[in-house]
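Chemist: make a model of this:
(one chain, ligands or ions: 2)
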Amino acid sequence: MLCDGTSICDNHTDERGCSTRFYCTDKPTPNIPIEKKCNMQADCDNGADEEECSHFTCKDEGTLHYISRDAVCDGIEDCKSGIDECQPGCVDSAFSDEKSMITSKAILTLSWIISLGAMIGCTAVIVITIRAAITPLMPDNLASTSTRTKVVSRLIFSLSISDLLVGIYAFSISIKASQTDTDYCQVDREWRSSSTCSTLGAIMIIGSEQSVFTMVIIASQRLYSVTRFVMFFFQKGILLLRVLTNVPSNFSRVCANTPTHCAGPRTTVPNHPPIGG
Ligand SMILES: [Ca+2]
Ligand SMILES: [Ca+2]
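Modeler: Residues are numbered from 1 along each chain as shown. Ligands and ions are numbered 1, 2, ... in the order given. Presented below is the predicted three-dimensional model:
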């Protein structure tokens, strides 16, 4: 019979050009009923009947798996490889996309510069501070033996450690971002659940929390100094105001006690000779 999927003629003319059949290759056989085109099942051995369809094709470890378009970018990994959640527009992040952990090259470059600068600078400060602490006879240390200087030095030491931890975190993230600049989405889940990522997260939290704690202490010390400065001038102002307000009363007291200077030259009554004297 014509177009029944079984070729009877030697040249397959009974199966050529059938509108009710889908041809899996450019040859008349094999072919399948047209109803099996795009039915989300591979009926052709090469899967050609499921190509150019509206559904999404997962290629999981060499096998073909079909899902609805509605399942793409829905937050659920329907393909075994998770490729349905790594299509353009799936990754909703200001810094990442489906290809890169850090999309902006400018931000990645800045991350490299800041992390390297923080690591080098903070390490230098830590080494210098420790060296000064364990060698008390150094001239520089002798010149800075005041309590205030020691407190400031320890606060800077604490701040250097916290910034060094943050620098290590940023440096590690920069390395990872540079390694995954083409297929980040594919390794995102594995990376986020890895012990390396958890350790870096802990380092970041410890560093930032310690930095905030140190900054609070420094800010409190600055606030105390400013408050003392303001209170000093406030007290001086009160004292000056008292002096100014007491000037009139003091002046009156002086006038009362020394009337000759305030009432003008005294008029003296001339001594008249006694009448008849
Ligand atoms: Ca099919
Ligand atoms: Ca999905």
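Chemist: make it CA atoms for all contacts and neighbour counts henceforth
Modeler: OK.
Chemist: list the buried residues of stretch 149-161.
Modeler: For stretch 149-161, the neighbour count (16 or more other C-alpha atoms under 10 Å) marks 153, 155-161 as buried.
Chemist: go on, stretch 40-47?
Modeler: So stretch 40-47, judged by 16+ other C-alpha under 10 Å, has buried residues 40, 42-44, 47.
Chemist: stretch 201-209 now?
Modeler: Quick answer for stretch 201-209 (16+ other C-alpha under 10 Å): 203-205, 207-208.
Chemist: which ones among these map onto helices?
Modeler: Among those, DSSP state H puts 203-205, 207-208 in helices.
Chemist: tell me the one of these nearest residue 183?
Modeler: residue 204 (24.9 Å; C-alpha to C-alpha).
Chemist: closest one to residue 82 out of the buried residues of stretch 40-47, please.
Modeler: Nearest to residue 82, judged by C-alpha to C-alpha, of the buried residues of stretch 40-47 is residue 40 at 18.2 Å.
Chemist: could you find the closest non-adjacent residue to that closest one?
Modeler: residue 66 (5.5 Å; C-alpha to C-alpha, 6 or more residues apart in numbering).
Chemist: backbone dihedrals for that neighbour, both of them.
Modeler: When read as degrees, to the nearest 10, the backbone of residue 66 gives phi -120, psi 140.
Chemist: let's test this: mean pLDDT of the helix or strand where residue 178 lies, rounded?
Modeler: If you go by DSSP states H and E, residue 178 is part of helix 147-179. Averaging pLDDT along helix 147-179 gives 90.
Chemist: stretch 205-217 too?
Modeler: 94.
Chemist: ok, residue 88 - contacts?
Modeler: Remark: with contacts taken as C-alpha atoms under 8 Å, 6 or more residues apart in numbering, residue 88 is in contact with 97-98.
Chemist: now it: how far from ligand 2?
Modeler: Relative to ligand 2, residue 88 is positioned 13 Å away (criterion: C-alpha to the ion, to the nearest Å).
Chemist: just put the ones in helices among the buried residues of stretch 201-209 in CSV and tack on distance to ligand 1.
Modeler: Putting these into CSV (distance: C-alpha to the ion, whole Å) gives the following:
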residue, distance to ligand 1
203, 52
204, 51
205, 52
207, 56
208, 56
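Chemist: near ligand 2, from those?
Modeler: When contact is defined as C-alpha under 5 Å from the ion, those do not meet ligand 2 at all.
Chemist: could you list the contact residues of the stretch 1-150 of the chain toward ligand 1?
Modeler: So far as C-alpha under 5 Å from the ion goes, the stretch 1-150 of the chain lies against ligand 1 at 36-37, 39, 41-43.
Chemist: wait, which of the buried residues of stretch 149-161 is closest to ligand 1?
Modeler: Nearest to ligand 1 among the buried residues of stretch 149-161, counting by C-alpha to the ion, is residue 161 at 62.3 Å.
Chemist: wasn't residue 52 part of a helix?
Modeler: No - counting by DSSP: H, G, I helix; E, B strand; the rest coil, residue 52 is not part of a helix but coil.
Chemist: residues near it, how many?
Modeler: 11 (other C-alpha atoms under 10 Å).
Chemist: contact partners of the host helix or strand of residue 186?
Modeler: Using DSSP H and E, residue 186 sits in helix 184-192. With C-alpha under 8 Å, 6+ apart as the test, helix 184-192 has contacts from 81-83, 86, 91, 97-101, 197-198.
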